[in-house]
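> what's the 3D shape of this:
(2 chains)
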Amino acid sequence: DIQMTQSPSTLSASVGDRVTITCRASQNIHIWLAWYQQKPGKSPKLLIFETSRLESGVPSRFSGRGSGTEFTLTISSLQPDDFATYYCQDYSSLYAATFGQGTKVEI
Amino acid sequence: EVQLLESGGGLVQPGGSLRLSCAASGFSFSAYGMNWVRQPPGKGLEWVSGIPGSGGNTYYADSLKGQFTISRDNSKNTLYLQINNLRAEDTAVYYCAKERFTTTVADSFDYWGQGTLVTVSS
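Numbering: from 1, shown residues only, chains lettered A, B, ... in the order given. Just a heads-up that it's a prediction; the model follows:
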């Protein structure tokens, strides 16, 4: 089974900061990675798919990079609405998906 | 507007069963694969199961096979998850999630329901 490890688990930042979250896969997953944002009491929201493709309506301050086993989600200038928990998701295996454990971005 | 509305959660005793439903609207339901993802209180997301738009083959997380049965009724635009032999560790919010692409299962998920809470306790 593929394991997805996010770092850090918690990130403290301020409005305007550039923030980067890392997601590492236990084996090569090519570009088959998505990122989600989840706020307390809400369902997850798709931000990025196929490593770097921005979902419609997602602000351009969000970007994704990587390939193989190491991936990053970057928020170029953190906004108040961005304080949330972020999850990466591998979908390289046919008919199976694996999430990372999450990264909480807090003030 | 795409909407996914889960129902069927609640308090159930260990060993019991539940059937969750997810009513879909705002898109061509039969064209898209659908999934169930769960989240224990205060913890992360876990993919549970997926089913293609046609409702043919079904897919499950390896660690959860045998306990869950996913199905869909395209005439009712509804997704289901039957959960048997419930245990305390199955306590979670269960979300239904729509595939972003028409040809995939367990790919990226562009719409999620609000979730339904299943609590397993005596």
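> C-alpha only now, for contacts and for neighbours.
Noted.
> tell me the pLDDT at residue 25?
Assuming you mean chain A. What the model reports as pLDDT for A:Ala25 is 97.
> my bad, chain B
Predicted confidence (pLDDT) for B:Ser25: 97.
> cool, and B:Val118?
98.
> so it makes contact with B:Ala88?
No: applying C-alpha atoms under 8 Å, one finds B:Val118 not in contact with B:Ala88, separated by 9.8 Å.
> compare those two and say which is more crowded by neighbours.
Legend: neighbour count by other C-alpha atoms under 10 Å in any protein chain shown for B:Val118 and B:Ala88, higher for B:Val118 (22 against 15).
> tell me the residues of chain A that contact chain B?
A:34, A:42-46, A:49, A:89, A:91, A:94-102 (C-alpha under 8 Å from any C-alpha of the partner chain).
> what number of residues lie near residue 5?
Going with chain A. 20.
> hm, I was asking about chain B
That count, for B:Leu5 with other C-alpha under 10 Å as the rule, works out to 18.
> any idea what B:Tyr95 is bridged to?
B:Val37 (DSSP bridges).
> ok, B:Leu5 - contacts?
Contact analysis of B:Leu5 by C-alpha atoms under 8 Å, 6 or more residues apart in numbering or on different chains lists B:Ser21, B:Cys22, B:Ala23, B:Ala24, B:Gly113, B:Gln114, B:Gly115.
> where does it sit, in terms of helix or strand?
Applying DSSP states H and E as the criterion places B:Leu5 in strand B:3-7.
> how about that strand: buried residues?
For strand B:3-7, the neighbour count (16 or more other C-alpha atoms under 10 Å in any protein chain shown) marks B:Gln3, B:Leu4, B:Leu5, B:Glu6, B:Ser7 as buried.
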